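S.K.: structure, please.
(2 chains)
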Amino acid sequence: MADPNNLRHQLRELIERDALSAAEQARFLSSAQKNRHRPKIIGIGAGVAASIVCAFLLWTWPDGHNPPRQDIELRIAEEVTTNHTRVKPLDVTSSSIDVVREQLPLLDFIVRKSAFFASDDLELVGGRYCTLQGVIATQLVFRDRDGNRVTLYQAAYDQKRFGELPEKPNEQPVIIDQRGTRVSLWTEFGVVFALAKSSS
Amino acid sequence: MSFDPAMLDRLFRYCLSLTRHRDDALDLMHSAIEKYLSLPQGDIRQPVYYVRRIARNLFYDQQRHAKRYPMESLPEEYPADFSERDLESMVIDQITLAKIWQNLLPAEREVIYLWAAEGMSTSEIALHLGQPRGTVLARLHRLKQRIQRQEAQREADSNG
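M.R.: Numbers count the residues shown, from 1 in each chain, chains lettered A, B, ... in the order given. Sure, this is the predicted structure:
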């Protein structure tokens, strides 16, 4: 373990005090995603070749090489639990989902309420930019009737990134309990939802 | 390469070590990432190093145009028995350290960033920056001298 009095460690701590804000992170991720998807004539030939190779690999790849579904869900739940337990400043404070949606314009999906917990009587506190599995996402913060903090994460659903998650309203969410937090995962309207609240 | 939050923070801190000012660091990082994404990326083996290199080149190009910092005037001397361990074992309070950090030249902060935040050895830094190891050691040695001067000053102030 590093000696906390060691100068290298002290300098590292000093340097790591500076970090991008959630909004700056979101802006960079959004800009990088847009730029990456910009068509490039020079890349067309390589793209065609890559598609052929990918198609061949998918055709020949044994099923057992796909990442197990449970691993992906656990990774998402782990990230959500970390975000849930670390309280960070909100980018927008409002009890209106419409206001939150307007104030987070960099998202590449529409922030919306889920029919899944409409009856849970949660009060919206606000929202902020965050990331989920490396893509831009939002964290909505609610309070339940007892004043407990409940957080809901939304990101554009990409099956390759998030795995095959149950789709509401026909399927039940995946529920994972860890480190005192219950995480529910599902998809709705082409958006991945992750709800985190205290397990107790 | 897809950027993740930890990688973006590392790039930001590197840019900040060069520019010292948050807004300038954000601009530099934005330009570097944009340039990186516009390049064919097939044979890039170490993307983080590559983006860092782009940011470095952009920064020094800007500085040359603005003639803002001395580019070649840093002395290269350091005692023959100086090693990075001498620096590592020093103890200093965080406020003084923050003050010293702010007053370093970009080339010094860059070396110290790579040494402290990226955990590189002096040989790795020399390889990464394409500079002689002696230059890297000289920059670390100057940090040691600054710390010693600050400490001496503080002692003199408290005695007098």
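
S.K.: spell out which parts of chain B neighbour chain A.
M.R.: B:2-5, B:8-9, B:12-13, B:16-17, B:22, B:26, B:29-30, B:33-34, B:37-38, B:40, B:42, B:87-92, B:94, B:97-98, B:101, B:112-113, B:115-117, B:119, B:147 (Cβ under 8 Å from any Cβ of the partner chain). C-betas here are computed from N, CA, C, even on glycine.

S.K.: what subset of those is buried?
M.R.: B:3, B:5, B:8-9, B:12-13, B:16-17, B:26, B:29-30, B:33, B:37, B:87-88, B:90, B:92, B:97, B:101, B:112-113, B:115-117, B:147 (16 or more other Cβ atoms under 10 Å in any protein chain shown).

S.K.: show me those residues that map onto helices.
M.R.: B:5, B:8-9, B:12-13, B:16-17, B:26, B:29-30, B:33, B:37, B:87-88, B:97, B:101, B:112-113, B:115-116, B:147 (DSSP state H).

S.K.: touching, residue A:180 and residue A:198? I think so.
M.R.: Yes: Residue A:180 lies in contact with residue A:198 (Cβ atoms under 8 Å); the separation is 6.4 Å.

S.K.: and the closest residue to residue A:198 other than its chain neighbours, how many neighbours?
M.R.: With Cβ to Cβ, 6 or more residues apart in numbering or on different chains as the criterion, residue A:198 has its nearest non-adjacent residue at 5.9 Å, and that residue is residue A:148. Using other Cβ atoms under 10 Å in any protein chain shown, residue A:148 has 12 other residues around it.

S.K.: what distance do you get for residue A:148 to residue A:185?
M.R.: 20 Å (Cβ to Cβ, to the nearest Å).

S.K.: with residue B:94 instead?
M.R.: Note on residue B:94: its distance to residue A:185, by Cβ to Cβ, is 41 Å.

S.K.: again, but for residue A:136
M.R.: Going from residue A:136 to residue A:185 by Cβ to Cβ gives 18 Å.

S.K.: so what's the backbone phi/psi at residue B:50?
M.R.: phi -70, psi -50 (degrees, to the nearest 10).

S.K.: number of residues surrounding the residue of chain A found nearest chain B?
M.R.: Residue nearest to chain B within chain A: residue A:11 (3.6 Å; Cβ to the nearest Cβ). Using other Cβ under 10 Å, residue A:11 has 23 other residues around it.

S.K.: residues contacting the nearest residue to it once chain neighbours are set aside?
M.R.: Spatial nearest neighbour of residue A:11, excluding adjacent residues (Cβ to Cβ, 6+ apart): residue B:116 at 3.6 Å. Shown in contact with residue B:116 (Cβ atoms under 8 Å, 6 or more residues apart in numbering or on different chains): A:7-9, A:11-12, A:15.

S.K.: what does residue B:117 give?
M.R.: Applying Cβ under 8 Å, 6+ apart, the residues contacting residue B:117 are A:11-12, A:15-16, B:10, B:13-14, B:17.

S.K.: kindly report the same for residue B:19.
M.R.: Shown in contact with residue B:19 (Cβ under 8 Å, 6+ apart): B:25, B:28, B:59, B:106.

S.K.: try it again with 10 Å
M.R.: B:25-29, B:55, B:59, B:62-63, B:106, B:109 (Cβ atoms under 10 Å, 6 or more residues apart in numbering or on different chains).

S.K.: quick one, which of those are buried?
M.R.: B:25-26, B:28-29, B:55, B:59, B:62-63, B:106, B:109.

S.K.: return the nearest residue of chain B with respect to chain A.
M.R.: residue B:116 (3.6 Å).

S.K.: the nearest residue to residue A:96 once chain neighbours are set aside: what secondary structure?
M.R.: Closest residue to residue A:96 apart from its sequence neighbours, by Cβ to Cβ, 6+ apart: residue A:124 at 7.2 Å. Following DSSP: H, G, I helix; E, B strand; the rest coil, we place residue A:124 in the strand state.

S.K.: quick one on the thing from earlier: mind putting the contacts of residue B:19 into a markdown table with distance to residue A:108 and pLDDT?
M.R.: What follows is these, written out as a markdown table (distance: Cβ to Cβ, whole Å; pLDDT from 0 to 100):
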| residue | distance to residue A:108 | pLDDT |
| --- | --- | --- |
| B:25 | 25 | 93 |
| B:26 | 21 | 93 |
| B:27 | 23 | 92 |
| B:28 | 25 | 94 |
| B:29 | 21 | 93 |
| B:55 | 26 | 94 |
| B:59 | 30 | 93 |
| B:62 | 32 | 86 |
| B:63 | 36 | 84 |
| B:106 | 36 | 90 |
| B:109 | 36 | 92 |
